[in-house]
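Enquirer: missing the sequence, but the structure's below:
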């Protein structure tokens with residue numbers, strides 16, 4: 001198969017990954033033991049997930065425009081154990097699935113002359129952005145738009161699906177997950193992020209209460225619910241802990257950065273402080289896991305190659321926290337330099353080799369745009 005053809009999963013790949021995904025629930029004895037060691041103390045449903053867990057990042061965004069029902073469905077069909085959504089609000093308070101509230105690059109809003117006057121410049125979490133934003137549209141208005149591929153230069157084949165799907169609400173995703181769960185005879189796991197919660201709370205569009213209401217309505221508000229809640233702002237997960245019992249994860253960006261809610265509150269701690277034992281102990285007081293960027297697991301040197309692993313996996317496990325780092329993708333441009341193949345940044349590199357190295361660190365799961373690749377890499381790893 002040529003490199004270009006590999007960019008869209010063939011029928012054999014889809015079927016093979018789907019089989020792997022469903023069969024993965026029957027873990028080898030060594031994997032089951034590892035699973036119990038890493039999460040058994042919490043009494044949470046996530047301890048029943050395969051380890052390492054494969055999370056479909058924004059669905060199967062390596063093959064379909066992200067955060068569409070098409071992307072979520074493909075991720076599930078490929079066998080992903082968990083499907084991710086990012087949530088932002090509309091002007092009238094509905095939660096919709098977009099990676100950012102700036103929808104300029106992910107929808108056809110620029111092609112709608114009736115919304116030309118909505119284009120504006122805003123500062124979101126300290127960053128100046130010019131475009132169109134969900135909080136300036138009612139849900140009915142957003143439903144007139146269609147999703148498109150965010151990085152068409154890298155994923156040209158995904159543009160085939162531009163305009164095919166609308167922006168889904170989170171409630172629509174919950175209904176979809178329930179329907180698919182009944183059809184498949186097992187829960188469909190979701191991984192749901194509150195985006196820019198401090199920013200939206202300042203606009204009177206607080207995310208947490210709206211999210212909790214939906215979780216309660218659809219029975220995903222318990223500690224054994226098939227869902228993870230996540231945020232780059234720890235205070236959002238603290239707030240969610242008071243509203244629902246669903247498993248919670250704190251996302252961690254680069255070591256030298258500070259969560260935006262910390263900046264607003266004057267908290268001087270950086271991510272580098274949070275990954276220390278004291279910081280991890282604090283996170284464990286209100287969350288069940290962390291979602292670190294991969295560089296916090298294995299830093300890269302100046303050439304982009306992997307360096308010496310940190311102690312984060314061991315330290316987090318010592319505090320009873322699971323680790324689901326982000327994000328591994330198949331394209332050269334997203335891989336560590338060690339695993340790039342050829343000179344085309346958009347061609348696929350040795351993603352299997354990269355998965356293996358990260359799995360060997362003892363992580364509990366990983367976010368990937370290419371769930372089929374992740375599942376095959378996982379199958380290799382657990383069968384050794």
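Expert: Good, I have the coordinates. These numbers come from a predicted model, not from an experiment.

Enquirer: Could you count how many residues lie near residue 240?
Expert: 27 (other Cβ atoms under 10 Å). Heads up, the C-betas are built off the backbone N, CA and C, glycines and all.

Enquirer: ok, now residue 273?
Expert: The local packing of residue 273 (other Cβ under 10 Å) involves 15 other residues.

Enquirer: how about the residue nearest to it when sequence neighbours are not counted, secondary structure?
Expert: Once flanking residues are discounted, residue 273 sits nearest to residue 279: 5.1 Å by Cβ to Cβ, 6 or more residues apart in numbering. Residue 279 carries the three-state label helix when classified by DSSP: H, G, I helix; E, B strand; the rest coil.

Enquirer: Burial check on residue 279, number of neighbours?
Expert: The number of residues packed around residue 279, counting by other Cβ under 10 Å, is 21.

Enquirer: Quick check: it touching residue 270?
Expert: No: contact criterion Cβ atoms under 8 Å: residue 279 and residue 270 do not qualify, at 9.4 Å.

Enquirer: Quick check: residue 139 vs residue 88, distance?
Expert: Per Cβ to Cβ, to the nearest Å, residue 139 is found 12 Å from residue 88.

Enquirer: list residues touching both of the two?
Expert: Common contact partners of residue 139 and residue 88 (Cβ atoms under 8 Å, 6 or more residues apart in numbering): residue 96.

Enquirer: Not counting sequence-adjacent ones, nearest residue to residue 58?
Expert: residue 66 (3.7 Å).

Enquirer: what about residue 175, neighbour count?
Expert: The burial count for residue 175: 13, using other Cβ under 10 Å.

Enquirer: In three-state terms, label it for me.
Expert: helix.

Enquirer: So for it, what's the nearest residue that isn't a sequence neighbour?
Expert: The shortest distance from residue 175 to any non-neighbouring residue, by Cβ to Cβ, 6+ apart, is to residue 218 (7.8 Å).

Enquirer: For the one you found, list the residues it contacts.
Expert: 171, 174-175, 178.

Enquirer: can you tell me the average pLDDT over stretch 368-379?
Expert: Across stretch 368-379, the average pLDDT comes to 98.

Enquirer: Could you do stretch 182-191 as well?
Expert: The model assigns stretch 182-191 a mean pLDDT of 97.

Enquirer: ok, the residue nearest to residue 58 to residue 76 distance?
Expert: Separation of residue 66 from residue 76 (Cβ to Cβ): 15 Å.

Enquirer: what do you get for residue 183?
Expert: Counting by Cβ to Cβ, the gap from residue 183 to residue 76 is 10 Å.

Enquirer: sorry, back to before: between residue 139 and residue 88, which one's more packed in?
Expert: Using other Cβ under 10 Å as the criterion, residue 139 and residue 88 rank with residue 88 on top: 27 against 17.

Enquirer: that's a strand at the more buried one, yeah?
Expert: Yes: assignment of residue 88 by three-state DSSP places it within a strand.

Enquirer: which residues touch it?
Expert: By Cβ under 8 Å, 6+ apart, the neighbours of residue 88 are 95-96, 98, 100-101, 134-135, 195-196, 200, 207.

Enquirer: Next up, the contacts around the closest residue to it other than its chain neighbours.
Expert: Excluding the flanking residues, the one nearest residue 88 by Cβ to Cβ, 6+ apart is residue 101, at 4.3 Å. Neighbour list for residue 101: 88-89, 124, 133-135, 195-196, 200 [criterion: Cβ under 8 Å, 6+ apart].

Enquirer: do the same with residue 359
Expert: With contact set as Cβ under 8 Å, 6+ apart, residue 359 has these partners: 52, 366, 377-378, 381.
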